[in-house]
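1. next one to model:
(5 chains, ligands or ions: 4)
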Amino acid sequence: MMLQITVRHRFAGFTLDVDVSAPPGVTVLFGPSGSGKSTLINAVAGLLRPDAGRIVVGDRVLLDTAARRALPPHRRRIGYVFQDARLFPHLSVRANLLYGRWFAPRGAQGARVEHVIEMLGIGHLLARRPGALSGGEKARVALGRALLAAPRLILADEPLAALDEARKAEILPYFERLRDDVSVPILYVSHSSAEVARLATTVVALQGGRVAALGPPEAVLGEVAATGARGIASVLRVRVAAHHADGLSELDTGAGALHLPRVAAAPGTVLRVRIAAQEVILSPAPPEGLSALSVLRGTIAEIAPGRGPAARVVLAVGDQRLIARVTQRSVAALGLAPGQTCHAIVKSVAIAPEDVGQQAPR
Amino acid sequence: MMLQITVRHRFAGFTLDVDVSAPPGVTVLFGPSGSGKSTLINAVAGLLRPDAGRIVVGDRVLLDTAARRALPPHRRRIGYVFQDARLFPHLSVRANLLYGRWFAPRGAQGARVEHVIEMLGIGHLLARRPGALSGGEKARVALGRALLAAPRLILADEPLAALDEARKAEILPYFERLRDDVSVPILYVSHSSAEVARLATTVVALQGGRVAALGPPEAVLGEVAATGARGIASVLRVRVAAHHADGLSELDTGAGALHLPRVAAAPGTVLRVRIAAQEVILSPAPPEGLSALSVLRGTIAEIAPGRGPAARVVLAVGDQRLIARVTQRSVAALGLAPGQTCHAIVKSVAIAPEDVGQQAPR
Amino acid sequence: ADPVVVFAAAALSGALDRVAEAWRAETGHRVVTSYAGSSALARQIRAGAPADVFVSASVEWMDAVAASGDLRAGTRRDLLATDLVLIAHGADAAPVTIDADLDLPGLLAGGRLSMSLVDAVPSGIYGRQALQSLGLWDAVAPSVAQSDNVRTALAFVARGEARLGIVYASDAVAEDRVSVLGTFPAGSHAPIVFPAALTAEAGSPAAEDFLAFLGSDAAWEIWAQAGFRRLP
Amino acid sequence: MIGADWLGPAEWEAVRLSLRVAFWATLASLPLGVLTAYALARWAFPGKTLLNGLVHLPLILPPVVTGYLLLIALGRRGPVGQVLEAWFGIVLAFRWTGAAVAAAVMAFPLMVRVIRLAIEAVDPKLEAAAATLGASRAWVFATITLPLIAPGIVAGAILAFAKAIGEFGATITFVSNIPGQTQTVPSAIHAALQVPGGEDAAARLVIVAIVIAVGALALSELVARRVARRVAGA
Amino acid sequence: MIGADWLGPAEWEAVRLSLRVAFWATLASLPLGVLTAYALARWAFPGKTLLNGLVHLPLILPPVVTGYLLLIALGRRGPVGQVLEAWFGIVLAFRWTGAAVAAAVMAFPLMVRVIRLAIEAVDPKLEAAAATLGASRAWVFATITLPLIAPGIVAGAILAFAKAIGEFGATITFVSNIPGQTQTVPSAIHAALQVPGGEDAAARLVIVAIVIAVGALALSELVARRVARRVAGA
Ligand SMILES: Nc1ncnc2c1ncn2[C@@H]1O[C@H](COP(=O)(O)OP(=O)(O)OP(=O)(O)O)[C@@H](O)[C@H]1O
Ligand SMILES: Nc1ncnc2c1ncn2[C@@H]1O[C@H](COP(=O)(O)OP(=O)(O)OP(=O)(O)O)[C@@H](O)[C@H]1O
Ligand SMILES: [Mg+2]
Ligand SMILES: [Mg+2]
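-> Ligands and ions are numbered 1, 2, ... in the order given. Okay, the predicted model is just below:
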């Protein structure tokens, strides 16, 4: 299900002008406040009729201004999680959740209601009206309502922003499953680079209404421009090698093992792991006597000093790239140079559950 | 300005029952969605009349149900940043921002308008109406509106949730200055433990309408129960020792130096630094040849295995406590035991700007 | 000088305007006329309305105003009379004789008999009296459609919504979509008179003069044209 | 206490008739009222100003004129009246149904204005949300707009009902006053006031009218409060 | 084309008078209308049902009754009328001001109903937000509630204006039908209809009434659209 979005639209003082083409999976829109993310999503939903544009999801043409075609919103089969929830105030939480069901084609296979309710932890709210919900509860119901509409395209505008970490950690795997098992294309707005790395098949970094960077997260998250220095991360493909008795899982990177708290995947499964560049420690000699269990061996491919005191060091580990962000002082002190062999130390517990995701099928 | 809040209120299916007493500064309300944070704040604002309660800010009694006293909201002199923005739709952004000004007593010293507008990056929006703003823009205007009301108490309900990292990093220091220079008491709801550690003078962890933990962030953030395992962190008091030419600042902990990207504080200033427990690497021997520049030397005070494969190791460094979260396998492999000398390795670049804050005056 | 204010029953409008015009041509005095139902006008005069002359379509309402002391004593007189006629839709209906033998239901043929309110509006009250005294009322009562004034009653017949109607002769003359079938015998109902008087408030000699003019021969040219009769 | 003989049988008949007329006038015009209000609030079409003016006409014109125009159009000899009678066998002239039509026409501008205001107050974002979930325009209207404007519909209906209870001028001009068929309470009051000394009878009927209308108002307030609470979503 | 002599001087006078009456009736009753609507929408007080019933009364009663009651109360010999005249030198009876009072009373229920509905649609959360920023109840009303209900006020005012233009029964009963003083357009139409062959004059006046009202409507739509756009915040 390819996603092809070409949209040009002018507001007074703001112009959205994007041309995005993304493979199946989760396409994450990333970018500062006011960069046009919601505007773009509204165009896909059909709530904004752009000045010009063409939007194609898989083989369905949702909009083609040149051909004067525009599918009305209710025929687009989308599940839109609005940035501002927009629950129906006169309906109970249950009726809100089931609203989209009424209109889904008979036999459309959507999420199981009980399952979604349980995942979102909103079982005790079903009889209430939205007016009596907390902010985060509203956000969860809004998410449930969109998921239960049996959509063929999910639009999620910062669906998890109002939630606490624990709740986020429960919901994120659901999106992964949607992406991998159900293969519903998802357009997802997020400010969190952890969410981006975990979910994104493709990242679209917007800036002032234009695409600043576009590509798989491995590429885009390594770009300072797209993410800000602190968001830089690498995404490694790893294979589950073994689950150990002490609760750690061993993941093979092809250039050393990562030891992570138990990962819920059978040995042999290919996963992807986001490793924040700032959390990687480099050591020219094989390190010893440290509490960190995961050491990858590689070759320095590139050293790029940043504008501040830090430098970006790219290590070739096996056939993959691992990015480390270290101080320029350390680069000098350790005499790091391209071509040199180097070890990357990664703390096992520093990789958050939300940093480990199923490998999206390409 | 002590903050004393005793509130009991029943909704169908939810009871808020808290008794909080907090010193001047920022009191952060922390807790999962639906735990009663907004309800508590609404009671302080006077928008919810609780079944019973007493609320005192400094020497002002805002509510005392026993004495049948309740200051009406407009006489409480608060600046409330609502979770849902609540901008006035018929007023321009400028009029929204200045709304509270009209009612502030003459000569009340509040924030400078241009300054707040610049900090929030909303200068180009002043003539617009709220209907034409993006989600994050709305959130920023709502924040500005509250700050400009010259309040004597700020209530901020997840004011930064809708913003990107870069924008957050620009706004957070403003709250610090409010806390330290202007000494306006602030009640602040947040889901981000980085924000908590940076801003909080006191943390109130709510759970199901009750106080689960209460105390300074050093204490509460070390509790698994209050924050979830991944939120555990230590907060160290450090003194700025020197600023080096390569852009790093040297911070003295009393048990070794931290090297951080330039900190905007004069040498001699006492700061506080949040160090996430999961980012600390332990090494019995003094580590060498690593890219990490900050090594603290201490004595193991306590080792507490967690429920998963991780363990919490508390190090006494000088007269402070540093918490590390490492795997139990590493504890065994390195033969760590209480009383033993140990080195803690902290990456300089892993400490985010939002993790460094001014030390709140006590 | 202030104009003379005349409160007059709506049935007199048109003709009274022409009389007032004639008076003005003669004396230079202006007349202002407020037309409404006699009941409303009478109540207003009793509430202190600035009227100089009251011309009522109903003897009872004139009595009521007299009883409350709002008339200038000795000025009341019966000004005009008119007859009650039976009318039919169309310009060329055949005349009938109105007496106790009249087959009114037959003439109605299932249609409606249009009258003014038979308990409230003078023409309706007179009409019912007449039908009752002729013994025709009970047979047609269910077919009577009552209007709140005689002009509407006339309009129902003129538009053909009602087959027959009972109105004043003075109303029937001006409408050419109806034809007069016959006149009710004078004895079948109380005399139809329009009394006039000065109000207690009336101060100006002009008002007295106008009241007098209403009964003058010059005025009677106009009244007669409009279908009114001098009192016997 | 006040017995049933406090009012004469003709007066009771008038009360019954007024209730029936007002009830049906309100109920039957409600769908058209909602539709018209929706069209005026949401659609742009040529002749919109005209429609708006037309709807307000009965408010602007003296009731007699409206009644007269109804007579011309809907009377047995009127163009529309003839069609109604020939095709559907519906006769309005001199029937209580005609009185209901007159009352409905007179009350229509009030109903439409109120409902239109309610429609304009509905947040279009909620309707947009429903559309993204698959609801067509008709479904959005039925499941979102309509429930949200329910307080407005109740308010419009009660206003129309009150107006219909009080309507007199157009009714008597259109369908005259036939006791038991078209003599409503206001006609009876009007008639009573025409005769000297009729004030007592009129006062009795006025009290009846007030009782009816205040009852309807109180009921509507109850309904409206429930409905409003539902809609507020608390 | 149609010249100024299309209408006679008395008719022009009626048009002028109607405009003046409707304008002042609407303008002068607006503050009380807003206050009453606010009280009914937001306050709980004993006698609320009574007030609500009282406000609706002119709608429920035949206009003649309302006019008669006004005459009894506000006439020169009425208790209130005497007080007004003795203390303030205000005479309403048989003056255009009385016509304005009658029109205002008749239009009042419409105005209040519409404005009340608008007030009930205001999100109390916005008012609460204003209160936290230091605005007292009066200020909240002036700066938040009032602007937000502006579309409702415009709608209520136009409805009242239209009603005032068309009011007839109460006016003629209260202040009579004196050309140049209390004869409004509807009174003139009514008078014209009483004259045999007066339909032409009536039709001309009807057209004038329609033109006035449609003009007012069109104007109000313009204003309302602007106001609504402001309030919608886009
Ligand atoms: N008006 C109400 N009636 C009934 N229950 C309510 C009402 N308002 C809030 N609640 C319930 O009270 C609880 C606390 O709500 P509150 O808004 O304080 O949560 P919160 O801590 O702010 O959560 P969040 O982080 O999701 O905003 C929730 O379970 C909510 O459902
Ligand atoms: N109706 C409108 N009229 C004018 N400008 C608008 C309108 N809607 C949005 N904008 C502007 O368009 C820009 C993009 O808005 P958009 O809502 O797409 O931002 P966003 O990327 O979703 O931001 P956020 O993360 O803050 O939600 C913003 O600058 C906003 O002010
Ligand atoms: Mg957005
Ligand atoms: Mg909340």
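2. quick one, phi/psi of whichever residue of chain D sits closest to chain B?
-> Taking Cβ to the nearest Cβ, chain B has its nearest neighbour within chain D at residue D:125, 9.8 Å off. Glycine gets a C-beta too; all of them are placed from N, C-alpha and C. Per-residue torsions, residue D:125: phi -70, psi -30 (degrees, to the nearest 10).
3. could you do residue C:137 as well?
-> Dihedral angles (degrees, to the nearest 10) for residue C:137: phi -60, psi -50.
4. ok, now which ones touch it?
-> By Cβ atoms under 8 Å, 6 or more residues apart in numbering or on different chains, the residues touching residue C:137 are C:128, C:131.
5. please redo it, this time with the cut-off set to 6 Å
-> Applying Cβ atoms under 6 Å, 6 or more residues apart in numbering or on different chains, we find residue C:137 in contact with residue C:131.
6. next: residue D:58.
-> Residue D:58 sits in contact with D:66, D:105-106, D:109, where contact means Cβ under 6 Å, 6+ apart.
7. closest to residue D:225 out of these?
-> residue D:109 (25.8 Å; Cβ to Cβ).
8. show me what contacts the closest one?
-> D:55-56, D:58-59 are the contacts of residue D:109 under Cβ under 6 Å, 6+ apart.
9. could you rerun that using 8 Å?
-> So residue D:109 contacts D:55-59, E:159, E:162 (Cβ under 8 Å, 6+ apart).
10. please apply the same query to residue A:10.
-> Residue A:10 neighbours (Cβ under 8 Å, 6+ apart): A:16, A:51.
11. repeat for residue A:295
-> So residue A:295 contacts A:256, A:286-287, A:343-346 (Cβ under 8 Å, 6+ apart).
12. hang on, residue A:93 packs against residue A:138?
-> No - counting by Cβ atoms under 8 Å, residue A:93 does not reach residue A:138; the two are 9.4 Å apart.
13. which residues are in contact with both of the two?
-> A:87, A:130.
14. if you count what's nearby, which of those two comes out ahead?
-> residue A:93 (27 against 24; other Cβ atoms under 10 Å in any protein chain shown).
15. gap between the residue lying closest to residue D:90 once chain neighbours are set aside and residue C:44?
-> Nearest non-adjacent residue to residue D:90, counting by Cβ to Cβ, 6 or more residues apart in numbering or on different chains: residue D:84, 4.4 Å away. As for residue D:84, its distance to residue C:44 is 42 Å (criterion: Cβ to Cβ, to the nearest Å).
16. so what's residue D:91 closest to, chain neighbours aside?
-> According to Cβ to Cβ, 6+ apart, the nearest residue to residue D:91 is residue D:85 (5.5 Å).
17. check contacts around residue D:174.
-> D:67-68, D:70-71, D:74-75, D:92-93, D:98-99, D:101-102.
18. just checking, it is part of a helix?
-> Yes - counting by DSSP: H, G, I helix; E, B strand; the rest coil, one finds residue D:174 located in a helix.
19. now do the SS call for the closest residue to residue A:31 other than its chain neighbours.
-> Excluding its sequence neighbours, the residue lying closest to residue A:31 (Cβ to Cβ, 6+ apart) is residue A:206, at 3.6 Å. Assigned by three-state DSSP, the conformation of residue A:206 is strand.
20. measure residue A:206 to chain D for me?
-> For residue A:206, the distance to chain D equals 21 Å [Cβ to the nearest Cβ, to the nearest Å].
21. shouldn't that residue be in contact with residue A:19?
-> No - contact criterion Cβ under 8 Å: residue A:206 and residue A:19 do not qualify, at 12.0 Å.
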